[in-house]
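A.B. asks: Here's my sequence, what's the structure:
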Amino acid sequence: MATKYRVRNKRTGSYVTKAVNSVKAFECYKKLCSLDPQGYELISITEQIEKLPPELRDMTELELKAIEVLKLISYNPGSGHADFANTLIEKAEGEKRITERQSLYLWHLIYNYRRQVNDQALINEAKMRKIY
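C.D. replies: Purely as a prediction, here's the structure:
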(Lines give C-alpha, C1' and ligand atoms only; values in the text may rest on other atoms or scores of the structure.)
Protein backbone atom coordinates (compact mmCIF):
# COMPACT_ATOMS: atom_id res chain seq x y z
CA MET A 1 0.00 0.00 0.00
CA ALA A 2 1.19 3.47 -0.88
CA THR A 3 1.68 5.94 1.93
CA LYS A 4 -0.35 9.09 1.63
CA TYR A 5 -0.67 12.14 3.85
CA ARG A 6 -3.44 14.27 5.32
CA VAL A 7 -3.46 17.57 7.15
CA ARG A 8 -5.32 17.54 10.47
CA ASN A 9 -6.64 20.41 12.55
CA LYS A 10 -5.17 19.93 16.05
CA ARG A 11 -7.99 21.77 17.83
CA THR A 12 -10.91 19.87 16.32
CA GLY A 13 -9.12 16.65 15.35
CA SER A 14 -10.76 16.86 11.91
CA TYR A 15 -8.91 16.24 8.68
CA VAL A 16 -8.70 19.20 6.32
CA THR A 17 -7.55 17.31 3.23
CA LYS A 18 -8.17 14.00 1.54
CA ALA A 19 -5.34 11.50 1.33
CA VAL A 20 -2.86 13.05 -1.10
CA ASN A 21 0.77 12.59 -2.05
CA SER A 22 3.43 14.18 0.09
CA VAL A 23 3.98 17.22 -2.16
CA LYS A 24 0.31 18.32 -2.18
CA ALA A 25 -0.11 17.59 1.51
CA PHE A 26 2.98 19.61 2.42
CA GLU A 27 1.86 22.58 0.27
CA CYS A 28 -1.52 22.66 2.02
CA TYR A 29 0.14 22.19 5.43
CA LYS A 30 2.53 25.09 4.77
CA LYS A 31 -0.30 27.38 3.71
CA LEU A 32 -2.42 26.54 6.75
CA CYS A 33 0.55 26.87 9.13
CA SER A 34 1.19 30.37 7.83
CA LEU A 35 -2.28 31.23 9.20
CA ASP A 36 -2.03 29.24 12.44
CA PRO A 37 1.44 27.78 13.20
CA GLN A 38 0.27 25.64 16.11
CA GLY A 39 -3.09 24.56 14.68
CA TYR A 40 -2.30 21.90 12.06
CA GLU A 41 -0.24 18.74 11.69
CA LEU A 42 0.80 16.52 8.79
CA ILE A 43 -0.30 12.90 9.28
CA SER A 44 0.97 9.87 7.34
CA ILE A 45 -1.78 7.38 6.57
CA THR A 46 -2.47 4.32 4.39
CA GLU A 47 -5.11 4.12 1.68
CA GLN A 48 -7.33 1.89 3.84
CA ILE A 49 -7.88 4.62 6.42
CA GLU A 50 -9.20 6.94 3.67
CA LYS A 51 -12.47 4.96 3.63
CA LEU A 52 -13.43 6.18 7.11
CA PRO A 53 -16.38 8.61 7.12
CA PRO A 54 -15.63 12.33 7.62
CA GLU A 55 -15.74 13.55 11.21
CA LEU A 56 -18.58 15.91 12.05
CA ARG A 57 -18.17 18.70 14.58
CA ASP A 58 -20.46 21.41 15.93
CA MET A 59 -20.70 24.61 13.89
CA THR A 60 -19.19 27.71 15.42
CA GLU A 61 -21.22 30.89 15.89
CA LEU A 62 -19.24 32.59 13.12
CA GLU A 63 -19.99 29.71 10.72
CA LEU A 64 -23.70 29.94 11.55
CA LYS A 65 -23.57 33.67 10.87
CA ALA A 66 -21.81 33.02 7.53
CA ILE A 67 -24.44 30.45 6.58
CA GLU A 68 -27.17 33.04 7.24
CA VAL A 69 -25.39 35.34 4.78
CA LEU A 70 -25.38 32.56 2.15
CA LYS A 71 -29.18 32.88 1.97
CA LEU A 72 -28.84 36.42 0.56
CA ILE A 73 -26.24 35.71 -2.13
CA SER A 74 -26.99 35.45 -5.87
CA TYR A 75 -24.83 32.59 -7.19
CA ASN A 76 -23.23 32.10 -10.59
CA PRO A 77 -25.45 29.81 -12.70
CA GLY A 78 -24.18 26.25 -13.06
CA SER A 79 -21.40 26.60 -10.47
CA GLY A 80 -22.85 24.22 -7.88
CA HIS A 81 -22.31 26.83 -5.19
CA ALA A 82 -26.03 27.27 -4.63
CA ASP A 83 -26.50 23.52 -4.08
CA PHE A 84 -23.73 23.42 -1.49
CA ALA A 85 -25.04 26.57 0.19
CA ASN A 86 -28.54 25.06 0.40
CA THR A 87 -27.06 21.93 2.00
CA LEU A 88 -25.32 24.06 4.63
CA ILE A 89 -28.48 26.10 5.23
CA GLU A 90 -30.41 22.87 5.88
CA LYS A 91 -27.68 21.67 8.25
CA ALA A 92 -27.72 24.98 10.12
CA GLU A 93 -31.47 24.71 10.62
CA GLY A 94 -31.21 21.07 11.71
CA GLU A 95 -28.29 19.19 13.20
CA LYS A 96 -25.79 22.11 13.22
CA ARG A 97 -22.86 19.79 12.50
CA ILE A 98 -20.25 20.21 9.76
CA THR A 99 -17.00 18.61 8.60
CA GLU A 100 -13.74 20.56 8.44
CA ARG A 101 -13.72 20.41 4.63
CA GLN A 102 -17.28 21.79 4.48
CA SER A 103 -16.18 24.61 6.77
CA LEU A 104 -13.26 25.47 4.50
CA TYR A 105 -15.54 25.47 1.46
CA LEU A 106 -18.02 27.69 3.33
CA TRP A 107 -15.26 30.28 3.80
CA HIS A 108 -14.29 29.87 0.15
CA LEU A 109 -17.86 30.81 -0.83
CA ILE A 110 -17.93 33.80 1.50
CA TYR A 111 -14.63 35.03 0.04
CA ASN A 112 -15.72 34.30 -3.54
CA TYR A 113 -18.96 36.28 -3.13
CA ARG A 114 -17.50 38.91 -0.76
CA ARG A 115 -18.92 41.81 -2.80
CA GLN A 116 -22.40 40.63 -1.81
CA VAL A 117 -21.49 40.24 1.88
CA ASN A 118 -22.05 43.30 4.09
CA ASP A 119 -20.26 41.96 7.19
CA GLN A 120 -16.58 42.93 7.17
CA ALA A 121 -15.77 40.51 10.01
CA LEU A 122 -16.98 37.58 7.88
CA ILE A 123 -14.98 38.79 4.89
CA ASN A 124 -11.83 39.08 7.01
CA GLU A 125 -12.35 35.59 8.43
CA ALA A 126 -12.91 34.19 4.93
CA LYS A 127 -9.77 35.90 3.67
CA MET A 128 -7.78 34.37 6.51
CA ARG A 129 -9.23 30.85 6.09
CA LYS A 130 -9.44 30.48 2.32
CA ILE A 131 -7.16 27.83 0.84
CA TYR A 132 -8.45 27.62 -2.73
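
A.B. asks: Need the pLDDT of the residue nearest the centre of the chain.
C.D. replies: Nearest to the geometric centre of the chain sits residue 104, at 1.6 Å (C-alpha atoms, centre = their mean). Residue 104 carries a pLDDT score of 87 in this model.

A.B. asks: Which element, helix or strand, includes residue 6?
C.D. replies: strand 3-9 (DSSP states H and E).

A.B. asks: can I assume residue 28 is in contact with residue 18?
C.D. replies: No - in this structure residue 28 lies outside contact range of residue 18 using C-beta atoms under 8 Å: 10.2 Å. No exception for glycine: its C-beta is placed from N, CA and C like everyone else's.

A.B. asks: Between the two, which has more neighbouring residues?
C.D. replies: Relative neighbour count places residue 28 above the other of residue 28 and residue 18, with 19 against 13, counting by other C-beta atoms under 10 Å.

A.B. asks: And what about residue 111, helix, strand or coil?
C.D. replies: Secondary structure assignment for residue 111 (DSSP: H, G, I helix; E, B strand; the rest coil): helix.

A.B. asks: and it, how many neighbours?
C.D. replies: A count of neighbours around residue 111, defined by other C-beta under 10 Å, yields 19.

A.B. asks: Give the full set of residues in contact with it.
C.D. replies: Contact partners of residue 111, counting by C-beta atoms under 8 Å, 6 or more residues apart in numbering, are 123, 126, 127, 130.

A.B. asks: before we move on, what about residue 96?
C.D. replies: Taking C-beta under 8 Å, 6+ apart as the definition of contact, the neighbours of residue 96 are 58, 59, 64.

A.B. asks: As TSV, those with distance to residue 6, neighbour count and secondary structure would be great.
C.D. replies: Supplementary listing: the contacts of residue 96 in TSV, determined by distance: C-beta to C-beta, whole Å; neighbours: other C-beta atoms under 10 Å; DSSP: H, G, I helix; E, B strand; the rest coil:
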residue	distance to residue 6	neighbour count	secondary structure
58	21	11	strand
59	22	21	coil
64	26	15	helix
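
A.B. asks: Let me have these in JSON lines, extended by distance to residue 88 and pLDDT.
C.D. replies: Supplementary listing: those in JSON lines, determined by distance: C-beta to C-beta, whole Å; pLDDT from 0 to 100:
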{"residue": "58", "distance to residue 88": "14", "pLDDT": "93"}
{"residue": "59", "distance to residue 88": "9", "pLDDT": "94"}
{"residue": "64", "distance to residue 88": "10", "pLDDT": "95"}
